[in-house]
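[1] Sequence isn't available, so here's the structure alone:
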């Protein structure tokens, strides 16, 4: 045997004796697709989607939410097109919810609905989202990065409900509850204008459900009434409230709240008269008598039976005489 042959044989033996890391093979499995399967892995890692989802399910059942979350996330990231991915996405969200990371859980549920709109547990997902939003509505604090409590936020809560409505507007219970809760969150902010709009949208969208529509329209009127109480010189909210109560009376004549709606309308008209009376007094104080006359007259138009009406009539007579006198003085001075 030649010297070169011996050297070649020794080199081949040395090469075979050195452990090498082979590249991960490309494998196709039904329901999982083509995947690379590396050698080894941690205790919770698996090389097949079916095995990995089993780890997630088993860990979740054992309430080991940290491991279940990692296992579920691995399925979603590594096998996003597999048949197991939707369930893994659901488990990922559930783990976050169980770990009291509600906002992160909510967004993972939202991602599930976005990526897998045909997920068989769609209704359960939106119901869980509603429960999360309800906890925030009740005052639960939001957390920075999912860990650091930073306080409650009705604005962020309203936006959670808005996302629910977009995904399940006509769900038997979730859609109406979420839309109504937007109004409640805005009321908690004292943003009565946005609250009334949210309630009006609920009344319009669910007009075929009398119980929902009547409650929504009533709350819209109440929100506008609260807005009117805060806007002393802006009569727009009072007008909207009166119109809403009139719609309520016309659409739901059998509702037990009708007497209260009529009383509210009377109260609002009196409030409108008071607002006009205040403006009229302002103009009179600065000798702008024509403008004052207009607003004293509005007092009578808006509520002729209000306690401000007699004084408005009296002041109108006085101002008319003053205007005549002023005109006479002007005319005499011009001659």
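    Received it, and whenever you're ready, just let me know what you need. These figures come from a predicted structure and were not determined experimentally. Numbering: from 1, shown residues only.
[2] residue ranges with poor pLDDT in this structure?
    Regions of the chain meeting the criterion pLDDT under 70 cover residues 1-42, 232-234, 332-335.
[3] Whichever strand or helix holds residue 184 packs against which elements?
    Using DSSP states H and E, residue 184 falls within helix 174-188. Judged by 3 or more Cβ pairs under 8 Å, 6 or more residues apart in numbering; DSSP states H and E, helix 174-188 is in contact with helix 122-137, helix 154-167, helix 192-205, helix 210-230. Any C-beta I mention is one placed from the backbone N, CA and C, and that applies to glycine too.
[4] Try it again at 6 Å.
    Counting by 3 or more Cβ pairs under 6 Å, 6 or more residues apart in numbering; DSSP states H and E, the packing neighbours recorded for helix 174-188 are helix 122-137, helix 154-167, helix 192-205.
[5] export the ones you listed to a markdown table and tack on mean neighbour count and distance to residue 106?
    Shown next, in a markdown table, are those (neighbours: other Cβ atoms under 10 Å; distance: least, Cβ to Cβ, whole Å):
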| stretch | mean neighbour count | distance to residue 106 |
| --- | --- | --- |
| helix 122-137 | 19 | 5 |
| helix 154-167 | 20 | 6 |
| helix 192-205 | 22 | 19 |
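[6] among these, which is nearest residue 292?
    helix 192-205 (29.8 Å; Cβ to Cβ).
[7] by how many degrees do the closest one and helix 154-167 diverge?
    20 degrees (axes from the mean of the first three to the mean of the last three Cα atoms, to 10 degrees).
[8] So what touches helix 192-205?
    179-180, 182-183, 186-187, 213, 216-217, 219-220, 223-224, 226-227 (Cβ atoms under 6 Å, 6 or more residues apart in numbering).
[9] Also stretch 265-283?
    In contact with stretch 265-283 (Cβ under 6 Å, 6+ apart) are residues 235, 238, 241-242, 245, 291-292, 295-296, 298-299, 302-303, 306, 308.
[10] Helices of the chain, residue ranges please.
    Here the chain has its helices, by DSSP state H, at 3-17, 49-61, 65-78, 85-98, 102-115, 122-137, 154-167, 174-188, 192-205, 210-230, 236-251, 258-285, 289-302, 309-334.
[11] Pipe those helices into TSV and attach distance to residue 147 per row.
    Listed next are the helices of the chain as TSV, based on distance: least, Cβ to Cβ, whole Å:
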stretch	distance to residue 147
helix 3-17	51
helix 49-61	21
helix 65-78	14
helix 85-98	12
helix 102-115	10
helix 122-137	16
helix 154-167	17
helix 174-188	24
helix 192-205	31
helix 210-230	36
helix 236-251	42
helix 258-285	46
helix 289-302	55
helix 309-334	62
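[12] Tell me which of the ones you listed sits nearest to residue 143.
    For those, the distance to residue 143 is smallest for helix 102-115, at 6.7 Å, taking Cβ to Cβ.
[13] In that closest one, which residues are buried?
    Residues of helix 102-115 classed as buried: 102, 103, 104, 105, 106, 107, 108, 109, 110, 112, 113 (neighbour count, 16 or more other Cβ atoms under 10 Å).
[14] That one vs helix 154-167, what angle?
    Using the same axes, to 10 degrees: helix 102-115 against helix 154-167 is 20 degrees.
[15] list the helices and strands helix 102-115 packs on?
    helix 85-98, helix 122-137.
[16] follow-up on the earlier one: among the helices of the chain, which is nearest residue 144?
    Of these, nearest to residue 144 by Cβ to Cβ is helix 102-115, at 9.9 Å.
[17] my guess is residue 188 contacts residue 155, does it?
    No. In terms of Cβ atoms under 6 Å, residue 188 does not count as a neighbour of residue 155; the distance is 9.8 Å.
[18] before we move on, the earlier item: distance to residue 321 added to the buried residues of helix 102-115, as JSON lines?
    JSON lines is the format used below for the buried residues of helix 102-115 (distance: Cβ to Cβ, whole Å):
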{"residue": "102", "distance to residue 321": "69"}
{"residue": "103", "distance to residue 321": "68"}
{"residue": "104", "distance to residue 321": "73"}
{"residue": "105", "distance to residue 321": "73"}
{"residue": "106", "distance to residue 321": "68"}
{"residue": "107", "distance to residue 321": "70"}
{"residue": "108", "distance to residue 321": "75"}
{"residue": "109", "distance to residue 321": "72"}
{"residue": "110", "distance to residue 321": "70"}
{"residue": "112", "distance to residue 321": "76"}
{"residue": "113", "distance to residue 321": "72"}
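[19] Residue 281: how many residues sit nearby?
    Residue 281: 15 surrounding residues under other Cβ atoms under 10 Å.
[20] With residue 250 instead?
    8.
[21] Distance-wise, check it relative to residue 205.
    19 Å (Cβ to Cβ, to the nearest Å).
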